[in-house]
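In: this one's structure only:
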């Protein structure tokens, strides 16, 4: 059965925060990448009749972790964060010297780990390239990919820890590992599928065997 996934666009960077439940009406939710003040999100969760059971972090850029501390402490829940980027959250300073409220994540994850929150078991997948320790969370054909891959685009690689070849290898790994109908819930913009991006994304020409434009 598909997950119940509700996206909320937060903050000036228009980043996607996802509320993920086993089904509509489920009393608990996993929250992925709360990237700004979670006050409005908490009100919406209450309206939905659900509560935060845990927080999953894909990477530690400011627009994906700025609301982690407030939501975790307010809800009294644990945080799962990539082992390679936990220091940024712990110390409260992200790439470019941007500050966020610090939070020491209770759990550190890397590829191959399994995380169960709100009755949902997610597989952790390493997807570096946009940032050095970036991870995705996968459950039964649904992938929360952070800033690796977007509908029609990919994550930037010009910041510390970014690397184009590594990013392309991560996308290639997802395409090799998961079927084309896998739904991608990205850190910005609308949902897409792996197959659609392989066929149409202009940044993935190399993976289609095309010559660069």
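Out: Cool, got the structure. This one's a predicted model, so the numbers in the text were calculated from it and none came from an experiment.
In: can I assume residue 170 is in contact with residue 132?
Out: No. At 11.5 Å, residue 170 and residue 132 do not qualify as touching, with contact defined as Cβ atoms under 8 Å. C-betas here are computed from N, CA, C, even on glycine.
In: more neighbours, those two?
Out: A direct count of neighbours by other Cβ atoms under 10 Å for residue 170 and residue 132 places residue 170 higher, at 24 against 17.
In: How confident was the prediction at that one?
Out: On pLDDT, residue 170 comes in at 98.
In: Then residue 96?
Out: At residue 96, pLDDT is 83.
In: Just say helix, strand or coil for it.
Out: Taking DSSP: H, G, I helix; E, B strand; the rest coil as the rule, one finds residue 96 in the helix state.
In: That one and residue 60, how far apart?
Out: Distance, residue 96 to residue 60, by Cβ to Cβ, to the nearest Å: 12 Å.
In: For the residue nearest the centre of the chain, give me its contacts.
Out: With distances taken as Cα atoms, centre = their mean, the chain has residue 146 as the residue nearest its mean C-alpha position (3.3 Å). Applying Cβ atoms under 8 Å, 6 or more residues apart in numbering to residue 146 gives the contacts 33, 58, 59, 64, 127, 130, 134, 135, 136, 155, 186, 187.
In: pLDDT and secondary structure added to those residues, as CSV?
Out: CSV is the format used below for those (pLDDT from 0 to 100; DSSP: H, G, I helix; E, B strand; the rest coil):
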residue, pLDDT, secondary structure
33, 98, coil
58, 98, coil
59, 98, coil
64, 97, helix
127, 98, coil
130, 98, coil
134, 98, coil
135, 98, strand
136, 98, strand
155, 97, coil
186, 98, strand
187, 98, coil
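In: what's the burial count for residue 73?
Out: Residue 73 has 12 nearby residues by other Cβ under 10 Å.
In: Residue 53 falls within a strand, correct?
Out: Yes. Counting by three-state DSSP, residue 53 is found in a strand.
In: I figured it hits residue 117, correct?
Out: Yes. Residue 53 is within contact range of residue 117, at 5.3 Å (criterion: Cβ under 8 Å).
In: shared neighbours of those two, anything?
Out: Counting by Cβ under 8 Å, 6+ apart, the common neighbours of residue 53 and residue 117 are residue 30.
In: Flag every buried residue along stretch 100-115.
Out: Residues of stretch 100-115 classed as buried: 100, 103, 105, 107, 109, 113, 115 (neighbour count, 16 or more other Cβ atoms under 10 Å).
In: how about residue 69, phi and psi?
Out: For residue 69, the backbone dihedrals are phi -60, psi -50 (criterion: degrees, to the nearest 10).
In: For it, give its distance to residue 107.
Out: 15 Å.
In: So between residue 96 and residue 60, which is more surrounded?
Out: residue 60 (28 against 9).
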